[in-house]
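S.K.: Fold the following for me, if possible:
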Amino acid sequence: MDFAQAQRIKNLPPYLFARIEKLIKEKRDAGVDIISLGIGDPDMPTPGYIIEEMQKQAEVGENHQYPSSAGMPAYREAVAQWYSNRFGVELDAANEVVSLIGSKEGIAHISFCYLNPGDLVLVPDPGYPVYAGGAILAGAEPYYMPLLAENGFLPDLSAIPADIAQRAKIMFINYPNNPTGAVAGEEFYREAIAFAQAYNILICHDAAYSEIAFDGYQPPSFLQYPGAKEVGIEFHSVSKTYNMTGWRIGWAAGNHQVVEALGRLKSNIDSGQFQAIQYAAIKGLTGPQDAVLQMRQVYQERRDILVDGLNSMGWQLAKPKATFYVWAPVPAGYSSESFAEMVLDKTGVVVTPGSGYGSASDGFFRMALTVKKERMVEALERMKKNIGTVKF
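M.R.: Numbers count the residues shown, from 1 in each chain. Modelled structure (predicted):
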């Protein structure tokens, strides 16, 4: 039978990483030794003390019942305490924190809370595809804010037409940034808060990479600036910080009305996250942070190897202060997709074409630091041998 798809699904582009996974599978099936620098999934293990807590809590019968869709009070308290320790941000755990089945779920669902068909949402370009995807599913229309190298990959809020700003209901921002690795500071956050206040826009800040930072840099939280709780929320998770991407546990924190609305939506469509996983996340947030420090050192070493290697081939890249990504321009004569295809065909190395992150990103590609340094070195050797020096 041929079932007609809903228009909202027809409007939704294929998810970028699903296409990459298919391409990798095809090459591997053909016997190619693939080195994938494409998808940002940590390769290091979840710390043992977190796994042990999960195993312990999985044996507790009460944890096998339905959890609270808003999250266990102890979990939300752990999030609030982590914010206090890390950023000096004080949160009311009962009203300003809601648990998520990974931050991706909340980022997609927030659009259903505040966007009606025909509304506008301000989306960074390049940006995580879920920002626009959730809005499209809610029937809204993305307005893309270009993130340009000459502006430090920050959106130029003054370039947004007044009529667009007046129609916009949500603005997504993300720093440290995926895919560019850019960071934002006090000046930008204060400007964004003032912009949101002027146009009655909800800011949704994705802070997934706040703990992946190098050279002593400590990324701030959007919530630590005056007025932030009045205009927005911040999404976060334990995925990148504790190498727990598959565990699917995160949160949204900030404006209590927005947190309540997101929690109310979730109570109608999911039953929360398994309590044993929540206990494991608590252990991560409140336990020793030595593993996080070691993880940063590993990523920093890989970052240096990758950036130095690319620069030896003709790139002129600065080393990113945060995230586990390197964002680089494609050489002359290539689109981002044709360059990624050429690299894969000639070297067996997977890079992510920038076009998957937005129309303003076609001249770039992304490489992830999520392979061991020996494989990183091998990937660079293959590129030097089979591609050589590049020109721009």
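S.K.: Look through this structure and tell me its longest helix.
M.R.: Ranked by residue count, the top helix of the chain under DSSP state H comes out as helix 290-312.
S.K.: mean confidence score for that helix?
M.R.: Averaged over helix 290-312, pLDDT sits at 98.
S.K.: buried residues in it?
M.R.: Within helix 290-312, the residues scored as buried using 16 or more other C-beta atoms under 10 Å are 291, 295-296, 298-300, 302-303, 305-307, 309-310. Using the backbone N, CA and C atoms, a C-beta is placed for each residue, glycine as well.
S.K.: Same check on stretch 81-94?
M.R.: Residues Trp82, Tyr83, Arg86, Phe87, Val89, Leu91, Ala93 are the ones in stretch 81-94 that count as buried (16+ other C-beta under 10 Å).
S.K.: what do you get for stretch 354-363?
M.R.: Gly354, Ser355, Gly356, Tyr357, Gly358, Ala360, Ser361, Asp362, Gly363.
S.K.: now, the most widely separated pair of those?
M.R.: Of all pairs drawn from the buried residues of stretch 354-363, the greatest distance, 13.1 Å, lies between Gly356 and Gly363 (C-beta to C-beta).
S.K.: and Leu344, what is it in contact with?
M.R.: Leu23, Lys27, Val350, Val351 (C-beta atoms under 8 Å, 6 or more residues apart in numbering).
S.K.: Break this structure down into its domains, please.
M.R.: Here the domain parsing of the chain from automatic domain parsing is 7-45+290-386, 48-286.
S.K.: For Glu141, the count of nearby residues, please.
M.R.: Residues near Glu141, counting by other C-beta atoms under 10 Å, number 17.
S.K.: for Val258, same thing?
M.R.: Neighbours of Val258 using other C-beta under 10 Å come to 23.
S.K.: Which element, helix or strand, includes it?
M.R.: helix 256-269 (DSSP states H and E).
S.K.: For that helix, buried residues please.
M.R.: Residues of helix 256-269 classed as buried by neighbour count (16+ other C-beta under 10 Å): His256, Val258, Val259, Ala261, Leu262, Gly263, Leu265, Lys266.
S.K.: Report the contact partners of the first one.
M.R.: The contact partners of His256, by C-beta under 8 Å, 6+ apart, come to Asp92, Asn95, Glu96, Lys229.
S.K.: on contacts alone, who are the packing partners of the helix or strand containing Ala135?
M.R.: Element membership for Ala135, per DSSP H and E: helix 129-137. Where contact means 3 or more C-beta pairs under 8 Å, 6 or more residues apart in numbering; DSSP states H and E, helix 129-137 is packed against helix 103-114, strand 120-125, strand 141-146, strand 168-174.
S.K.: re the thing from before, just the angle for the helix or strand that comes right after the longest helix of the chain relative to helix 290-312, thanks.
M.R.: Later in the chain than helix 290-312, the nearest helix or strand by DSSP H and E is strand 325-329. Angle, strand 325-329 to helix 290-312, by axes from the mean of the first three to the mean of the last three C-alpha atoms, to 10 degrees: 20 degrees.
S.K.: what comes up buried for strand 325-329?
M.R.: Neighbour count says strand 325-329 has Tyr325, Val326, Trp327, Ala328, Pro329 buried, by 16+ other C-beta under 10 Å.
S.K.: Same question for stretch 359-379.
M.R.: Applying 16+ other C-beta under 10 Å to stretch 359-379 flags 360-371, 375-376, 378-379 as buried.
S.K.: Regarding it, how distant is the last residue from the first?
M.R.: Across stretch 359-379, the terminal residues are separated by 28 Å (C-alpha to C-alpha, to the nearest Å).
S.K.: which residues of the protein score low on pLDDT?
M.R.: 14-20 (pLDDT under 70).
S.K.: can you rerun that using 80?
M.R.: Counting by pLDDT under 80, the chain has low-confidence residues at 1, 13-24.
S.K.: sorry, back to before: go through the buried residues of stretch 359-379 and name the one nearest Asp41.
M.R.: Out of those, the member with the shortest distance to Asp41 (by C-beta to C-beta) is Thr370, at 5.9 Å.
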